[in-house]
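Asker: everything below, folded, please.
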Amino acid sequence: MKATAQSLSQTAAAEKGWVAVYADLFKARLTMLVLLTTLVGFYIGFRGPVDYLLMLHTLLGTALVAGGASALNQLLEREYDAKMRRTQSRPLPSGRLQPQTVLIVGVAAAVLGLVYLALAVNVVTSLLGFVSLASYLFIYTPLKRVTWLNTAIGAIPGALPPLMGWTAARGELSGEGWALFAILAFWQLPHFLAIAWLYREEYARAGFKMLPVLDPQGHRTGRQAVSHTLGLLPVSLCPFLFGLTGPVYLAGALLLGVTFLWFAIQFSRHLTASRARQLFYASILYLPLLLAVMVLDKVK
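Answerer: So this is what the prediction gives:
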């Protein structure tokens, strides 16, 4: 049965067009989220009329780095992806692409992106891109099979894109930029814990040390989801406290934060698949809504 399911997955992947295959390789949806948060960081950080050409350079360089990182991550985890139903259809486990091809494409995209950011944007943004790339591939990825703390560590490269957008606009690191970083870092924990709870059996089969795998009763998982969502609430107010946004954002951040916290508490209390799915969808809605209010109520 297992072999049949895997073969069907591989057959479906083989029928994909090249555009779809490379979209999977570069994790197109994740890359779009990276670009969205980078764009918001850039817009919030830019003073005066927006330099759209600089914005375009920032997004292009960041997309190359993010796509390269995703491809190289799949190269490193191809054996483990083959063991999970949700990842069996990726280009490498399905046999649609060969490791040598992915290595060349991934390295080329990542290096080109870093060089492009350094030349077309600024060195600080390029260095942040390098930190994100290196920590994602060489710290977070191997730690997934060593300790459940990989999730907290993995939040670092995941939270750097808005800071990259900020430095692209300002040319320097500052407290306001780090506040944007903190929002993404806190948001990722409940978001990912909901996913990990839903797919804990698959993660266990692949040998990943996710907290829900090591915490079958789910009590620690629930507490972590609540504590990080609770921590996100005051952190999300920082753009207002720093004078980047106005009172509309303050009200929106409070409303969204309390709603998100409610879903985390319900997940912690019941620890069912339906509650985990609700928390996941709440996280998916929370972030773009928060960013939208931030952009709309930016203090010029």
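Asker: and residue 285, how far from residue 182?
Answerer: Distance of residue 285 to residue 182, computed by Cβ to Cβ, to the nearest Å: 20 Å. (Glycine included, C-beta is placed from N, CA and C.)
Asker: whoops, residue 207 was the one
Answerer: Counting by Cβ to Cβ, the gap from residue 207 to residue 182 is 31 Å.
Asker: just want to know which of these two has more residues nearby.
Answerer: residue 182 (20 against 12; other Cβ atoms under 10 Å).
Asker: could you give the number of residues near residue 80?
Answerer: With neighbours defined by other Cβ under 10 Å, the count for residue 80 comes to 18.
Asker: who's in contact with residue 277?
Answerer: Residue 277 sits next to 194, 198 when contact means Cβ atoms under 8 Å, 6 or more residues apart in numbering.
Asker: look at it and tell me its secondary structure.
Answerer: Secondary structure for residue 277, judged by DSSP: H, G, I helix; E, B strand; the rest coil, is helix.
Asker: report pLDDT for it.
Answerer: You'll see residue 277 listed with a pLDDT of 97.
Asker: same question, the one 4 residues further on
Answerer: At residue 281, the model reports a pLDDT of 97.
Asker: okay, and it sits in which element?
Answerer: If you go by DSSP states H and E, residue 281 is part of helix 273-296.
Asker: how close does residue 176 get to residue 245?
Answerer: Between residue 176 and residue 245 the computed distance is 11 Å (Cβ to Cβ).
Asker: mutual contacts of these two, please.
Answerer: 44, 239.
Asker: which one's more surrounded, the two?
Answerer: Using other Cβ under 10 Å as the criterion, residue 176 and residue 245 rank with residue 245 on top: 23 against 19.
Asker: isn't that one up against residue 297?
Answerer: Yes. Using Cβ atoms under 8 Å, residue 245 is in contact with residue 297, at 4.7 Å.
Asker: average pLDDT across stretch 151-166?
Answerer: 95.
Asker: wait, I meant stretch 241-250
Answerer: Here stretch 241-250 scores 96 as its mean pLDDT.
Asker: report how far apart the opening and closing residues of that stretch are.
Answerer: Using Cα to Cα, to the nearest Å, one end of stretch 241-250 lies 9 Å from the other.
Asker: and that stretch, what's buried?
Answerer: For stretch 241-250, a neighbour-count test (16 or more other Cβ atoms under 10 Å) marks 242, 244, 245, 246, 249, 250 as buried.
Asker: what's the closest of those to residue 187?
Answerer: Of all the buried residues of stretch 241-250, residue 187 sits closest to residue 249, with 15.9 Å by Cβ to Cβ.
Asker: and whichever helix or strand that closest one is part of with helix 273-296, angle?
Answerer: For residue 249, the host element (DSSP H and E) is helix 247-270. With axes from the mean of the first three to the mean of the last three Cα atoms, to 10 degrees as the basis, helix 247-270 and helix 273-296 are set at 170 degrees to each other.
Asker: now helix 247-270, how far from the centre of its chain.
Answerer: 20 Å (Cα atoms, centre = their mean, to the nearest Å).
Asker: where does residue 147 sit: helix, strand or coil?
Answerer: Quick answer, by three-state DSSP: residue 147 is coil.
Asker: any idea how far it lies from residue 233?
Answerer: 27 Å.
Asker: more neighbours, the two?
Answerer: Neighbours per residue, other Cβ under 10 Å: of residue 147 and residue 233, the larger number sits with residue 233, 16 against 13.
Asker: in contact with the more buried one, which residues?
Answerer: Counted by Cβ under 8 Å, 6+ apart, residue 233 has contacts 254, 257, 258, 261.
Asker: which of these lies closest to residue 25?
Answerer: Nearest to residue 25 among the contacts of residue 233: residue 257, at 35.1 Å, using Cβ to Cβ.
Asker: right, and the closest one touches residue 231 too?
Answerer: No. Using Cβ under 8 Å, residue 257 is not in contact with residue 231; the gap is 10.2 Å.
Asker: pLDDT-wise, which helix or strand of this protein ranks last?
Answerer: Lowest by mean pLDDT, DSSP states H and E among the helices and strands of the chain is helix 2-14, with a mean of 46.
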